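Enquirer: Structure here, sequence nowhere to be found:
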């Protein structure tokens, strides 16, 4: 019982650290671009709710708040209330305001790339290139050869092996249109994936090419990935997380998702805890790597979520700025306030619903 409690507390603490880092990076994006645009950042806060402690450094107050979920940058003159000065958010051009709003999600995407790069450089990368064809597999039946590069599946360009896995998972056992590149020439095939009882997934039937990470211990028989290959993998892995997250959120907001697809703070704690414990069964370093991987996925998730065009999120503010560009004049402050309040109410209701589904999963 004691060890179980320690495990739960460890999961909560690690999750809060991960979320805290993601929020700080996100808000730092808003902070640094606001500064560059000449906007006075009145407060940089980590957490929400009552202020626990704060320190004034220069013109900005840095604070830590009671609930360690979320955070914010309070920008001078962000609303019509009070005097609008040259250092107010609303005094800046629409493009400057848009850059400030977009900077948070962009920083989350960059963080995801950096984390994936670190994991890949210290481990390995898997490329969508045939290393060996399995006997009796669909790949052998259509004549795939060692060195073939998986170029497209169902018309979607494949850059990394993760993209191929995601498409295969979504496609199930349905036939796929496969394009491979061999000696610079594109060949087209139709292939029906084979179900594997061992992995409980549908497979094409080949072993992909694996390369050692730049800083990883060298394994005989495997080449070492170049810096370019590692950056290439990290960038497209991040884009793959972004795509999967956007598709998932679209299902959620259009009420097409099943309850299992919803996940809030409790789900995050469970995923982080399970990943950490699974890694510990091998080594402490493996546990850290698992947590870093989850952090990379969550960072991409946070970036996508904040870009959704819902008032109250960065994407909602960007949408209102796009409307301002099209109308060639600012929106009526009262109308904008109502829209933002409506978005806030929707988000609060949605968060309550997600928390409810989280709790129901426990029982």
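Expert: Now that the structure is in, tell me what you want to look at. As the structure is a computational prediction, the values presented were derived from the model and not from experiment.
Enquirer: Got the phi and psi for the nearest residue to residue 83 once chain neighbours are set aside?
Expert: Of all residues not flanking residue 83 in the chain, residue 77 sits nearest, at 7.7 Å (C-beta to C-beta, 6 or more residues apart in numbering). Bear in mind the C-beta positions are built from the backbone N, C-alpha and C, glycine included. Phi and psi for residue 77, reported as degrees, to the nearest 10, are phi 70, psi 40.
Enquirer: Please report the distance of residue 77 from residue 85.
Expert: Distance from residue 77 to residue 85, counting by C-beta to C-beta, to the nearest Å: 6 Å.
Enquirer: Equivalent analysis for residue 238, please.
Expert: 38 Å.
Enquirer: Looking at the two, which one has more neighbours?
Expert: residue 238 (25 against 11; other C-beta atoms under 10 Å).
Enquirer: Let me know whether residue 131 touches residue 208 as I believe.
Expert: Yes. Residue 131 is within contact range of residue 208, at 6.1 Å (criterion: C-beta atoms under 8 Å).
Enquirer: Among these two, which residue is more densely surrounded?
Expert: Regarding residue 131 and residue 208, a neighbour count based on other C-beta under 10 Å identifies residue 208 as having more, with 18 against 15.
Enquirer: Looks like the more buried one contacts residue 132 (just checking).
Expert: No. In this structure, residue 208 is not within contact of residue 132 by C-beta under 8 Å, at 9.2 Å.
Enquirer: what do residue 77 and residue 85 both touch?
Expert: residue 91 (C-beta atoms under 8 Å, 6 or more residues apart in numbering).
Enquirer: Let me see the ranges of the strands in this structure.
Expert: 41-57, 60-75, 124-133, 149-153, 156-157, 176-182, 185-191, 194-196, 201-203, 206-212 (DSSP state E).
Enquirer: other SSEs contacting the second one?
Expert: For strand 60-75, the helices and strands in contact under the criterion 3 or more C-beta pairs under 8 Å, 6 or more residues apart in numbering; DSSP states H and E are helix 2-36, strand 41-57.
Enquirer: If we use 10 Å, what do you get?
Expert: helix 2-36, strand 41-57, helix 94-122 (3 or more C-beta pairs under 10 Å, 6 or more residues apart in numbering; DSSP states H and E).
Enquirer: Return the most buried member of those.
Expert: helix 94-122 (a mean of 21; mean count of other C-beta atoms under 10 Å).
Enquirer: could you check the angle strand 60-75 makes with that helix?
Expert: 110 degrees (axes from the mean of the first three to the mean of the last three C-alpha atoms, to 10 degrees).
Enquirer: buried stuff in stretch 122-130?
Expert: 124, 125, 126, 127, 128, 129, 130 (16 or more other C-beta atoms under 10 Å).
Enquirer: residue ranges with poor pLDDT in the stretch 101-250 of the chain?
Expert: Low-confidence segments of the stretch 101-250 of the chain, defined by pLDDT under 70, are absent.
Enquirer: ok, back up a step: and the helices and strands packed on strand 60-75, which one is worst for confidence?
Expert: With a mean of 86, helix 2-36 has the lowest mean pLDDT of those.
Enquirer: what about that one, distance to the chain center?
Expert: Put simply, helix 2-36 sits 14 Å off its chain's centre (C-alpha atoms, centre = their mean, to the nearest Å).
Enquirer: Check stretch 335-352 too.
Expert: On C-alpha atoms, centre = their mean, the centre of stretch 335-352 falls 23 Å from that of its chain.
Enquirer: buried sites along it?
Expert: Buried-residue list, stretch 335-352, by 16+ other C-beta under 10 Å: 336, 339, 340, 343.
Enquirer: Surely residue 177 and residue 188 touch.
Expert: Yes. Between residue 177 and residue 188 there is a contact at 7.0 Å, judged by C-beta atoms under 10 Å.
Enquirer: Among the two, which residue is more densely surrounded?
Expert: Neighbour count, other C-beta under 10 Å: between residue 177 and residue 188, residue 177 has more, with 13 against 10.
Enquirer: distance of that one from residue 155?
Expert: Residue 177 is 7 Å from residue 155, by C-beta to C-beta.
Enquirer: can you check residue 190 too?
Expert: From residue 190 to residue 155 the distance is 13 Å (C-beta to C-beta).
Enquirer: where are the low-confidence patches of the stretch 251-363 of the chain?
Expert: Short version for the stretch 251-363 of the chain, where the test is pLDDT under 70: 257, 259-262, 361-363.
Enquirer: Can you show me the helices along it?
Expert: For the stretch 251-363 of the chain, the helices defined by DSSP state H, counting those that start in this stretch occupy 265-280, 284-307, 314-327, 333-362.
Enquirer: helices or strands up against the second one?
Expert: Spelled out, it's helix 284-307. helix 2-36, helix 94-122, helix 227-253, helix 265-280, helix 314-327.
Enquirer: In that helix, which residues are buried?
Expert: 287, 289-307.
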